[in-house]
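1. Sequence and predicted structure below; questions after.
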Amino acid sequence: MSLADTRRGVERGVESISTPPRRSFDIRFSIEKPRPSIEEGIRSRPSTDIQRGLAELTIRENNKIEKHENQKKKKKTGGMEDLKSELVLTEHLESILELSKKHTESNIDPNDVESSKGLSSTAAHQRYQLNGPNRLKPPKETSQFIVFFRNFTNFFALLMEGAAVLCLIAFFISLGQSLNAKTEIIYDNLYIAVVLIFIVVANALFTYFQERSSSNVAKEFAKMAPTDNIIVIRDGKELGVKPDQLVIGDLVKIKLGDRIPADIRILHCADFTVDNSSLTGEVEPQARSPNNTSKNPLETKNLAFFGTSAMQGSCLGLVIQTGDGTAIGRIAQLVGQTKPGKTPLRIEIDSFCHIITAVAVVEGLFFLVLGFILNSKPDFAINNIITAIGIIVANVPEALLPTVTASLTLTAKRMKDKNVMVKNLEAVETLGSCTTVCSDKTGTLTQNRMTVAHVWYDGGIRLCNTSVNDKKADFSLDAPTFQKLQRCATLCSSAKFVEDPINLEKHVLKRATIGDASESALIKFVHPLRDIYEYRTEMPLIYTIPFNSKNKWQLNVCQSEDKSKTVVMMKGAPEMVLQYCDRYMMEGNILPKDDDFEKRFNATIKTLSSYGERILGFCELDISNQPDDVIVSQINEQGLLNVKKLQPTDLNLPRKQMCFIGLTALIDPPKEGVPEAVSLCNEAGIRVVMVTGDHPDTAKAIARQVNIIKGDTVEDIMERENIPRDQVPEERVDAVVVAGTDISVLTEKDWRSILKKRQIVFARTSPQQKLVIVERFQNNGEFVAVTGDGVNDSPALKKADIGIAMNISGSQVSKDSADMILLDDNFASIVSGIEQGRLIFDNLKKSIAYTVTHNVAELTPVLISFISGIPLPLGTLLMLSVDLGLDMIPAILYAYEPSESDIMKRPPRKRTDRLVTLNLLLYCYLQAGVVVSCGGFFAYLLVYARNGFEPSSLPLLYFNGYFQRGAAPLTNSVGSVLNEGDQLYLLHLGWSAFYAAILVGQWGNLLSCKTRNLSLFQHGIGTYWTVFAMVVQLIVACGIIYIPGLNMVFSAVQLPFLYWLAAVPFSFFLFGYNEMRKMMFRGMGKNNWIDKHVMW
């Protein structure tokens, strides 16, 4: 609970605490008390043993029927809607007397709950048999074989598999021909099939092991269950039982250090606090009591939940939910059943595959029909089928998947250097596409440690340093009042630093401490001013009254070693501390408390509360001359040397004789760099939304500090102008703060009103509500990134387009649910990730433009040969070596390409923006592809011309059986006769020339694709990777062409240097054309015909 809650509770009582917080829109709602169940009705009536037996039988039968109906319903809906609904409990609203009537078998004594008898062993056994053990049911596991097999069913894998099957069909057809004709068997199609299958299998293995490493969420939830025996009351006796043996209706005793074994309703407790951070995200331990304080079960103080930890005190509780029915159990089921959708990159790749498949099939069928029209002889019919298959396969971008995977891997490595670890490679690009970041507050935007932000003394608020590099403190160490405040903060505290040499070497704000969050913040504030251990040695503690939720203050009595000075010091809720004071200190002078002081005090409380800060008041009383008059208990000399815990009744303190010193205001401050990071996101068109479990006032204050909220909420305008809500125009409201209690009753109109705002905070949200919020943004067309560190964040992390967990403070459940992990827990690291994600999208476009171009240069030789009958210009294995050898290395290394402009100044891409656009395909197929193909044909024709075959003599040669196995002798234009070996040599020389021409032509394309808008002369060559890639390409090509044995495998021959120069003019032309195209775009600006039809 925030200090604002405490203050309102003191002033107006518990009812004010349970009142829903102010809302930024007019919504009214009510909670209807559910009707009693059949079971409750039966058990509320007195009965004989026979009647009770009949009642239990009826209950069991009704439970069986209800369970069967629920199972049927879950089969239809998957149970998701039920899980996404809010946690519904009624026990926290009922008095102990009502509980005793409802849970008759628990034998609760409403007059003396500590004397309650609990369930009978028989009743507990029956309930255990009916409902099963108290443990989280693991989700149904999919067979690992099926998980692995699914990787063969994505669209790109199916495309590759289909191409491999077609290659096998073509191979077996040609194999039959070769066996019948007793000619040499051609294995080219078999080699292609093997390579395609290898690519698919390798990618499937890579994806399988990646997914397998992040499928441990269910196991991590199971670890939250306690393992030690729990004290349970049955048959009036205390027993130690295993946690999974608990049943609804059991009475359990919880002590310090225990993990809560089930959802329990607290019946009695003594200074009991729990750590709810795993469930609600609240960083401070939460006090518990038997009394209801809120209608919301997650906020009331009389419930404790499974998996949370007891931090202080003890309690007696009634088990009201077990296993999957607990709050944590519902979260675990929600995470297990939440299925993330396809990543934007996967959608883009599938879309590209659809286009390529359509183009390939249409081309293949067209040329198959054309082949039959041109030549319907049976021998050519088989060749037509093989050629059609070749055309289809030639369209398949075999290198696309390895290129994309390698590019994403390189980017992921670069992101890790920037403290962002990528678990799902496709999430690299997703982060760059995100339009909305839903961020948790504690530990993500803030430091996850309470820090003194302000002090108030001598009538003024002073700033304090809240981070390591902060230099804004403006309090005076010499001020007498501040010195008293410093002493009180040091001595009226039991917190201390962890005695570890490594810990003590850290900056004081980063040291680990022993003690609650508020006291830890105080010692971190005062220790740099004066060593706390030195101070405490000088004035040791002799008596103390510890803080408890009833008094809301702590009192320490400290005495100097020579007993010459004894001081009573008190700290706690400011209003409660002020009640013990009739004077205050001003500039070292003690003045009587008056109305003017109280007005200034109340105004300060209001101001500091508006900052979302937790406020502590301090006062003291010097009793150096009368210690025994104050401490009534008889203490001997030896007892004075030891700390003794007292009760308030042990003190003889007049209520209004202490001196008020001042206030400290504590907050979990923003991390360094977060406000700037949020501003950068806003400049990049990304909306940052806070989604937190904290109080709306605290959330709003932090949101202002980190730049999530800059404008006015409706409440700000109402308060400033003193006008009612209905007079505030919608267009004047810039920001909105939505309480979790409102989410379930929001209408579609309300959601539209909220989502159109750029400054949004959701406060007091449950895990289910966080999931609903993410879905609402996604349904609004947003790419949503979610950051979180707790178990309560895991459903939203799983549902988001990209989930981002914290490495240091994050729970293992959140890490397993996320796609990325921030290694330094710093929100500012997300900005680097977004920049890299946007950059990889741009660079993948460049890679695809470069890669698809060579597909055209490989496809045109097949088509031209098929139509005209010229000798085939390029061999199949050489095509494959271009795909997976020459051009894959530059395509991958585009990942290192720097951005052309400040990509963080432009808005995020829309869902309709495609990775592969029509303009990009037109560039590849009709511009760059045509130029590279022309360079290849020029080199090819030059080879034949220099060997006695003019271009006009080449058509129909292939149809007539020349330049292939078993070819008859052929006379060229100069009268030389070429036998089969000569023709095959010339054929392979033409292949080698065409192959070299593709390499040279692609060099022009490689340089052109480095930029999409800028001139290369403006952008520069950039990284040395480009030159490295060109050198590697040349080495690979020379190896294939010139190394004996290797060139035989690829059907290449040693190529004279002249033919390498044939494509150089075409490469220069392509580069010059692209420079001209980009220059026209820059000169004419956007939204002209160049931009619309030529730029990609």
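-> Cool, the structure landed. Residues are numbered from 1 along each chain as shown.
2. Would you map out the domains in the protein?
-> Structural domains annotated on the chain: 434-446+671-825, 451-667, 839-899+917-1096, as defined by automatic domain parsing.
3. just how off-centre is the longest one within its chain?
-> Taking CA atoms, centre = their mean, to the nearest Å, one finds domain 839-899+917-1096 lying 43 Å from the centre of the chain it belongs to.
4. how far does that domain stretch from start to finish?
-> Counting by CA to CA, to the nearest Å, you get 15 Å between the two ends of domain 839-899+917-1096.
5. tell me the mean pLDDT over it?
-> Domain 839-899+917-1096 shows a mean pLDDT of 91.
6. Also the first one?
-> Per-region confidence: domain 434-446+671-825 scores 91 on mean pLDDT.
7. and that domain, how far apart are its ends?
-> 19 Å.
8. before we move on, the earlier item: tabulate the domains of the chain in CSV, adding columns for mean neighbour count and distance to residue 107.
-> Using the backbone N, CA and C atoms, a C-beta is placed for each residue, glycine as well. CSV is the format used below for the domains of the chain (neighbours: other CB atoms under 10 Å; distance: least, CB to CB, whole Å):
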stretch, mean neighbour count, distance to residue 107
domain 434-446+671-825, 22, 33
domain 451-667, 17, 28
domain 839-899+917-1096, 19, 65
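9. possible to save those domains as TSV with distance to residue 317?
-> Listed next are the domains of the chain as TSV, based on distance: least, CB to CB, whole Å:
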stretch	distance to residue 317
domain 434-446+671-825	21
domain 451-667	17
domain 839-899+917-1096	52
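10. wait, which of these is closest to residue 388?
-> domain 839-899+917-1096 (8.7 Å; CB to CB).
11. and residue 320, that's in a strand?
-> Yes: assigned with DSSP: H, G, I helix; E, B strand; the rest coil, residue 320 falls within a strand.
12. list the contacts for the nearest residue to residue 1053 once chain neighbours are set aside?
-> The shortest distance from residue 1053 to any non-neighbouring residue, by CB to CB, 6 or more residues apart in numbering, is to residue 988 (4.8 Å). Contacts for residue 988 (CB atoms under 8 Å, 6 or more residues apart in numbering) come out as 875, 1051, 1052, 1053.
13. ditto for residue 866
-> 367, 371, 387, 391.
14. do you know how far it is from residue 391?
-> The span separating residue 866 from residue 391 equals 8 Å under the rule CB to CB, to the nearest Å.
15. where do the helices sit along the stretch 101-250 of the chain?
-> Ranges of helices in the stretch 101-250 of the chain, per DSSP state H, counting those that start in this stretch, are 121-131, 144-150, 155-181, 188-212, 217-222.
16. Let's see the second one as PDB, backbone CA atoms only.
-> If I follow you right, that is helix 144-150. Extracted in PDB, the C-alpha atoms of helix 144-150 (Å, rounded to 0.1, in the frame of the first residue of the first chain):
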ATOM      1  CA  GLN A 144       9.400 -33.800 -29.100                       C
ATOM      2  CA  PHE A 145       9.100 -35.600 -32.500                       C
ATOM      3  CA  ILE A 146       6.000 -33.500 -33.300                       C
ATOM      4  CA  VAL A 147       7.700 -30.300 -32.100                       C
ATOM      5  CA  PHE A 148      10.600 -31.200 -34.400                       C
ATOM      6  CA  PHE A 149       8.400 -32.200 -37.300                       C
ATOM      7  CA  ARG A 150       6.500 -28.800 -37.200                       C
END
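17. Check which helices and strands that helix sits against.
-> In terms of contacts (3 or more CB pairs under 8 Å, 6 or more residues apart in numbering; DSSP states H and E), helix 144-150 is packed against helix 188-212.
18. cool, and the fourth one?
-> The helices and strands touching helix 188-212, judged by 3+ CB pairs under 8 Å, 6+ apart, are helix 144-150, helix 155-181, helix 378-394, helix 400-417, helix 876-881.
19. same thing but 6 Å
-> Helix 188-212 sits against helix 155-181, helix 876-881, with contacts defined as 3 or more CB pairs under 6 Å, 6 or more residues apart in numbering; DSSP states H and E.
20. roughly how far is that helix from the heart of the chain?
-> For helix 188-212, the distance to the chain centre is 30 Å (CA atoms, centre = their mean).
21. who's in contact with that helix?
-> Contacts with helix 188-212, where a contact means CB atoms under 6 Å, 6 or more residues apart in numbering, come from 148, 151-152, 157, 160, 163-164, 167-168, 170-171, 401, 876-877, 880.
22. Just give me the closest of those residues to residue 607.
-> Looking across the contacts of helix 188-212 and measuring by CB to CB, the closest to residue 607 is residue 151, at 58.8 Å.
23. farthest residue from the center of the protein?
-> Distance from the centre of the chain peaks at residue 975, with 74.3 Å (CA atoms, centre = their mean).
24. quick one: secondary structure of that one?
-> Criterion first, three-state DSSP; result for residue 975: coil.
25. ok, now which ones touch it?
-> Residue 975 touches nothing, counting by CB under 6 Å, 6+ apart.
26. hang on, the earlier thing: turn the buried ones among the contacts of helix 188-212 into a named ChimeraX selection, would you?
-> Applying 16 or more other CB atoms under 10 Å to the contacts of helix 188-212, the buried members can be selected in ChimeraX as follows:
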select :148,151,157,160,163,164,167,168,170,171,401,876,877,880
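27. Which one of the contacts of helix 188-212 is nearest to residue 423?
-> For those, the nearest to residue 423 is residue 151 (16.4 Å; CB to CB).
28. mind listing what the closest one touches?
-> Per CB under 6 Å, 6+ apart, neighbours of residue 151: 204, 207, 208.
29. Let me see the confidence value for it.
-> So residue 151 comes in at 84 (pLDDT).
30. Equivalent analysis for residue 44, please.
-> 39.
31. Tell me the secondary structure of residue 313, please.
-> Applying three-state DSSP: residue 313 is strand.
32. what's the neighbour count on it?
-> Around residue 313 there are 18 other residues, counting by other CB atoms under 10 Å.
33. if we can go back for a sec, what is the most widely separated pair among the contacts of residue 866?
-> Maximum pairwise distance among those (CB to CB): 10.1 Å, between 371 and 391.
34. could you dump the helices of the stretch 101-250 of the chain to CSV with distance to residue 1086?
-> Listed next are the helices of the stretch 101-250 of the chain as CSV, based on distance: least, CB to CB, whole Å:
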stretch, distance to residue 1086
helix 121-131, 65
helix 144-150, 42
helix 155-181, 32
helix 188-212, 38
helix 217-222, 45
